[in-house]
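>>> Structure of the sequence below:
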Amino acid sequence: MAQQRSNRRHWLFWGLLTLLLAAYFGIGLAWSGAAHHAFWQPARAALVPGPSTHGHHQIELACESCHTAPFGAGTLMQQACTGCHGKAMDEANDKHPARKFNDPRNLFRLEKIDATACVTCHVEHRPRVTKAMGLTQPLDMCAHCHSGKDEMPPSHAELPFNGCLASGCHNYHDNRALYEDFLLKHAHAPALLDKRTVPARGLLEALQQRMAYPMDKYPFERVAADKADAPASWKTLRQAGAAAPGHADALDTGHARAGVNCSGCHQVGANLPAGATAPPDAGQWVQRPATPQACVGCHAEEVKGFGSGLHGMRSAAGLAPMTPALARLPMKPDAGHQALTCTSCHGAHAFETTTKASVDACLACHDDSHSRAYRQSRHFQLVQQEQRGELPAGSGVTCATCHMPRMRIEGEEGSRPGVQHNQSLTLQPNSKMVRPVCQSCHGLGFALDALADRALITRNFQGQPSVHVTSIEMALRKDAADKAARAAADGAAAKNPP
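Model (predicted):
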């Protein structure tokens with residue numbers, strides 16, 4: 001009898017433990033809030049079917065970001081992909097959009113590869129077959145559709161069929177820097193252009209034209225020290241020398257010079273976008289404003305870009321902010337647990353961007369060979385020369401110049417040049433960097449060669465490219481052959497008029 005009671009207790013214990021574990025993992029999987037709580041996160045982590053790609057591993061616990069419905073697939077998964085990446089594909093004039101393969105004239109291609117779905121080529125949780133850019137198709141995938149004399153031009157006859165995606169040749173989605181007319185247009189550009197500066201930013205001018213901007217509260221004139229609208233208690237502390245050092249810095253920033261007073265960031269609801277509903281605590285003074293909420297009123301497009309990139313995608317998904325310790329690139333151990341927000345790079349008051357946000361903040365975390373070589377590079381020498389007044393503004397090349405370039409940004413205030421905070425837009429394939437970045441200073445041929453030279457990239461472009469991409473020469477030869485053929489046809493027509 002005692003043995004039977006002991007067995008029953010064991011079975012009861014194991015049965016109860018099984019039910020508790022099933023409940024724990026079940027709630028962790030089914031409850032969307034589980035991704036945001038430390039107690040439930042291990043349940044989700046244990047149920048992830050495999051590591052995610054470099055682009056998505058930060059948000060792999062926020063399963064709902066991609067799996068918008070239980071067991072959702074097909075259309076739902078495609079909508080999840082295009083929800084994040086659709087705009088970038090439209091801007092790139094995607095050469096292989098899904099609608100192209102829904103055309104009856106291209107339906108026969110679907111027998112070879114289902115090009116209507118992103119997950120055909122980009123499958124998550126399969127690290128053994130995942131290549132750069134999350135590609136899970138073999139590198140000879142192009143040959144499935146582009147083979148034979150009707151698809152492959154004579155100039156490509158001797159080329160390997162698995163090299164189509166090499167830098168300087170073809171990209172599946174984005175060929176803006178590689179299509180034939182563009183190659184011909186820039187075929188004879190020198191390695192270094194005569195004028196070498198990046199575009200100026202245009203946010204201030206755009207805000208001046210925005211009808212909803214509170215001009216009466218924050219006029220575009222420098223905030224004087226006696227006009228700072230911080231609470232009287234703060235001013236008393238500042239006069240006594242007890243205030244934080246950053247308070248004095250705040251009056252010597254781009255914000256203060258543009259007329260943005262203390263309340264613009266520290267007062268709840270002071271910079272809400274037009275039409276937004278004021279929160280219940282509107283008007284309350286906050287000592288440490290939360291970002292990006294305090295920034296979005298004036299920097300909406302920058303905040304959107306930040307949330308789409310590797311630095312801010314966790315915050316945008318409702319997770320705790322990204323920390324360098326979560327990255328897969330080498331990072332400095334001392335910075336491992338620093339939460340990445342707007343003020344991580346820009347500071348709370350001293351918003352200097354020449355080197356602090358665009359060089360120092362980057363190198364405080366990144367510890368790969370490319371980053372470590374930057375301060376010895378010619379690009380950094382240009383930054384120093386610009387700071388000494390030896391070169392005009394925009395001549396220096398910082399980390400942000402290439403990885404957060406100044407591009408045309410479409411927002412409420414219209415189109416303007418601004419800093420694109422989504423660094424993923426120019427990361428892979430790196431030929432996407434040619435138009436918005438490299439061609440501000442370099443010719444197309446030099447840029448394609450440099451971006452194809454992995455060793456040169458590791459050295460942070462110290463030296464000359466040792467790799468040569470023949471795309472421009474091929475385009476020139478084809479253009480010459482086409483012109484000769486047209487001339488011959490015109491000559492034959494002249495000799496034999498109808």
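>>> leaving aside the residues next to it on the chain, what's closest to Gly394?
Using CB to CB, 6 or more residues apart in numbering and skipping the chain neighbours, the partner closest in space to Gly394 is Thr197 (3.6 Å). Any C-beta I mention is one placed from the backbone N, CA and C, and that applies to glycine too.
>>> ditto for Leu326
Closest residue to Leu326 in three dimensions, ignoring its sequence neighbours and counting by CB to CB, 6+ apart: Gln58, at 6.2 Å.
>>> next one: Ala373
In space, not counting the residues next to it along the chain, Ala373 is nearest to Asn460; the distance is 3.8 Å by CB to CB, 6+ apart.
>>> What separation do you get for that neighbour and Glu111?
Counting by CB to CB, to the nearest Å, the gap from Asn460 to Glu111 is 46 Å.
>>> hang on, the residue nearest to Ala373 packs against Gln381?
No - in this structure, Asn460 sits apart from Gln381 without contact. The criterion is CB atoms under 8 Å, and the distance is 11.6 Å.
>>> neighbour-wise, which of these two wins?
The residue with the greater number of neighbours, taking Asn460 and Gln381 and applying other CB atoms under 10 Å, is Asn460; the counts read 21 against 13.
>>> I'd like the distance between the more buried one and Asp334.
The spacing between Asn460 and Asp334, counted by CB to CB, is 22 Å.
>>> can you check Lys495 too?
79 Å.
>>> Compare those two and say which is more crowded by neighbours.
Per other CB under 10 Å, whichever of Lys495 and Asp334 has more neighbours is Asp334, with 11 against 7.
>>> Chain neighbours aside, what residue packs nearest to Gln137?
Counting by CB to CB, 6+ apart, Gln137 lies nearest to Cys121, which is 4.7 Å off, once chain neighbours are set aside.
>>> residues contacting that neighbour?
Contacts of Cys121 were listed using CB atoms under 8 Å, 6 or more residues apart in numbering, and they are 135-137, 141, 172.
>>> number of nearby residues for His67?
Once other CB under 10 Å is used to define contacts, His67 is seen to have 14 neighbours.
>>> what do you get for Asp114?
13.
>>> how near is it to Leu207?
Using CB to CB, Asp114 is found at 46 Å from Leu207.
>>> Helix, strand, or coil at the spatially closest residue to Leu47 that is not a sequence neighbour?
Here the nearest residue to Leu47 in space, its sequence neighbours aside, is Leu29; by CB to CB, 6+ apart that works out to 5.5 Å. The assignment at Leu29 comes out as helix when based on DSSP: H, G, I helix; E, B strand; the rest coil.
>>> Check the gap between Arg5 and His403 for me.
Counting by CB to CB, the gap between Arg5 and His403 amounts to 68 Å.
>>> Which one's more surrounded, these two?
His403 (19 against 9).
>>> what's near enough to touch that one?
For His403, the residues meeting the contact criterion (CB under 8 Å, 6+ apart) are 362, 423, 426-427.
>>> Filter those down to the ones in strands?
Where the contacts of His403 are compared with strands, as defined by DSSP state E, there is no overlap at all.
>>> Can you tell me which of the residues you listed has the most neighbours?
When neighbours are taken as other CB under 10 Å, the top entry among those is Thr426 (22 neighbours).
>>> correct me, but that one touches Pro436?
Yes - applying CB under 8 Å, one finds Thr426 in contact with Pro436, separated by 6.6 Å.
>>> Between these two, which contacts overlap?
Common neighbours of Thr426 and Pro436 are listed as 405, 420 (criterion: CB under 8 Å, 6+ apart).
>>> Can you give me the distance of the residue nearest to Leu47 to Arg44?
Distance, Leu29 to Arg44, using CB to CB: 7 Å.
>>> Next, the contact list for Leu427, please.
His403.
>>> Now do the strands in the protein.
In order along the chain, the chain carries the following strands (DSSP E): 406-411, 414-419.
>>> Adding mean pLDDT, mean neighbour count and distance to His346 as columns, could you present the ones you listed in a markdown table?
As requested, the strands of the chain are arranged in a markdown table below (pLDDT from 0 to 100; neighbours: other CB atoms under 10 Å; distance: least, CB to CB, whole Å):
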| stretch | mean pLDDT | mean neighbour count | distance to His346 |
| --- | --- | --- | --- |
| strand 406-411 | 81 | 18 | 16 |
| strand 414-419 | 82 | 17 | 11 |
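>>> Kindly reformat the ones you listed as JSON lines containing distance to Gln387.
JSON lines is the format used below for these (distance: least, CB to CB, whole Å):
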{"stretch": "strand 406-411", "distance to Gln387": "18"}
{"stretch": "strand 414-419", "distance to Gln387": "19"}
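>>> nearest to Tyr179, of these?
strand 406-411 (19.3 Å; CB to CB).
>>> So which other helices or strands are in contact with the closest one?
For strand 406-411, the packing partners by 3 or more CB pairs under 8 Å, 6 or more residues apart in numbering; DSSP states H and E come out as helix 300-308, strand 414-419.
>>> returning to what we had before: which neighbours do Leu29 and Arg44 share?
With contacts taken as CB under 8 Å, 6+ apart, the residues that reach both Leu29 and Arg44 are Cys63.
>>> who has more neighbours, the two?
With other CB under 10 Å as the criterion, Leu29 and Arg44 differ in neighbour count, and Arg44 comes out ahead with 19 against 15.
>>> so that one sits right up against His67, yeah?
No - the pair Arg44 and His67 fails to qualify as a contact (CB under 8 Å) at a distance of 11.7 Å.
>>> Just name the shakiest helix or strand of this structure by mean pLDDT.
The helix or strand of the chain with the poorest confidence is helix 232-239; it has a mean of 57 (mean pLDDT, DSSP states H and E).
>>> for Thr354, what are its contacts?
So, once contact is read as CB under 8 Å, 6+ apart, Thr354 ends up touching 383, 386-387, 396, 398.
>>> and of those residues, the nearest to His266?
Distances from His266 to these, taken as CB to CB, are shortest for Thr398 (29.2 Å).
>>> okay, now the closest one: neighbour count?
Residues near Thr398, counting by other CB under 10 Å, number 23.
>>> any idea how far Cys441 is from it?
Distance from Thr398 to Cys441, counting by CB to CB: 13 Å.
>>> One more: Pro292?
As it turns out, when the distance is counted by CB to CB, Pro292 lies 31 Å from Cys441.
>>> Show the contacting residues for the nearest residue to Gly312 once chain neighbours are set aside.
Nearest in space to Gly312, with sequence neighbours left out and distances taken as CB to CB, 6+ apart, is Phe306 at 3.9 Å. For Phe306, the residues meeting the contact criterion (CB under 8 Å, 6+ apart) are 292, 312, 342, 421-422.
>>> make it 7 Å
292, 312, 421 (CB atoms under 7 Å, 6 or more residues apart in numbering).
>>> Output the below-cut-off pLDDT ranges for the stretch 351-498 of the chain.
In the prediction, the stretch 351-498 of the chain carries residues with pLDDT under 70 at positions 412-413, 498.
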